[in-house]
Structure formats: structure tokens, C-alpha cells
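# build me a model:
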Amino acid sequence: MRIFSAFLLSACLALGAGMALAETAAEDDDAPLAGLLAGPNKTALPEVILSVGEPLGGPWKLRSGGYYEVEITADGSGELGLAGADFFRAIWVDEVVIRGLEMRPMGLHSIEFDRAGTMEIGFVAIKPGRYSLEIPGATGASQRLEIEID
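Prediction:
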């Protein structure tokens, strides 16, 4: 009987402490939402502009486990794309949004724009290392976006 009473008392104390913590969290408006994909946990990266002869920007310094969103816009000055198989294998692609259509691919190898437009890619950086996204066939250093995942 003593063991049962001690167990019951422990359970009540734990339940009371849990309720107090829940009330404190509910009162704290600054508490981040739970979950990696929650809005406050996302980091917006600078927009990447694809234009013939123009630099891509960067570099990016990302944190492994961080959620990122980037808009990639082509100005229509040429048929341009970005290749970076190693980078795309080092991230988990959550979604690709084109004109309001959301896609959730298993992965990406490269992207290409045949005309002007914008796409948004949401992803989680996974594998630490140095990577790049580059315009296929371009030789200039500015046609390459350097990325580091810590």
C-alpha cells in the first residue's frame, strides 16, 4: 500500500508540474512554435537571379538541420538553369513552388528556366560540407554560388 501511495503521489506531482509548464508556455507569446517546418523556424535566403552574364550572388553559409527558403528568378534573357547534384544530395527538399503549385519531390538534380519566371524552394540543410550551384556550361566564377553547410 505504501508503494502505491508513493507512486500515486509522484504521479500527481509530475502531472501538476507538467500542467504548470504548459500554462507558462501558453502565456509566453514569444515561445517558438514546435517543429522544424513551423514558420518562425524558417530562414529566407537572398533571391537568386538568373540572367545572362550576371553574377549569382552568395556565398551562403547554412546550418545543418536548419530550414531555408530561396526564391530563384529567371529574367528571360536566356534559357538558364542551375546544376548542383552534390548540393541537392546534401539537403532534404521539402517543397518546390511554381506559380502557386506546390511539389514535394524526392530530390532534385538541377533546375532550368526556358523563359522568365520564379520558383521557390524550401529545404533542410543536412550534410555538412562545401557545395555549389552553377549555371551549366558557364566558366566565370560569378556564375557559381558557393554554399557551406556547417
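
# please enumerate the helices of this protein.
Counting by DSSP state H, residue ranges of the helices within the chain are 2-27, 85-89.

# residues contacting the residue nearest the centre of the chain?
Compute the mean C-alpha point of the chain, and by C-alpha atoms, centre = their mean the closest residue is residue 68, 2.5 Å away. Contacts here follow C-beta atoms under 8 Å, 6 or more residues apart in numbering; on that basis residue 68 touches 42, 43, 44, 45, 62, 122, 123, 124, 125. Bear in mind the C-beta positions are built from the backbone N, C-alpha and C, glycine included.

# just the buried residues from the residues you listed, in ChimeraX please.
Here is the ChimeraX selection string for the buried members of the contacts of residue 68, based on 16 or more other C-beta atoms under 10 Å:
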select :45,62,122,123,124,125
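
# residue 110: which of the contacts of residue 68 is nearest?
Here the nearest of the contacts of residue 68 to residue 110, counting by C-beta to C-beta, is residue 123; it sits at 14.5 Å.

# OK, contacts around residue 60?
45, 145, 146, 147, 148 are the contacts of residue 60 under C-beta under 8 Å, 6+ apart.

# can you name the residues bridging to residue 120?
Applying DSSP bridges to residue 120 gives these bridge partners: residue 71, residue 97.

# and it, how close does it get to residue 63?
Taking C-beta to C-beta, to the nearest Å as the criterion, residue 120 is separated from residue 63 by 20 Å.

# out of these two, which sits in the more crowded spot?
Residue environment comparison for residue 120 versus residue 63 gives the larger neighbour count to residue 120, 16 against 13, counting by other C-beta atoms under 10 Å.

# rewinding a little: which one of the helices of the chain has the poorest average confidence?
Averaged per stretch, pLDDT over the helices of the chain is lowest on helix 2-27, reaching a mean of 46.

# show me the contact partners of stretch 75-84.
When contacts are defined by C-beta under 8 Å, 6+ apart, stretch 75-84 is touched by residues 48-52, 56, 72, 74, 109-117, 131-136, 145, 147.
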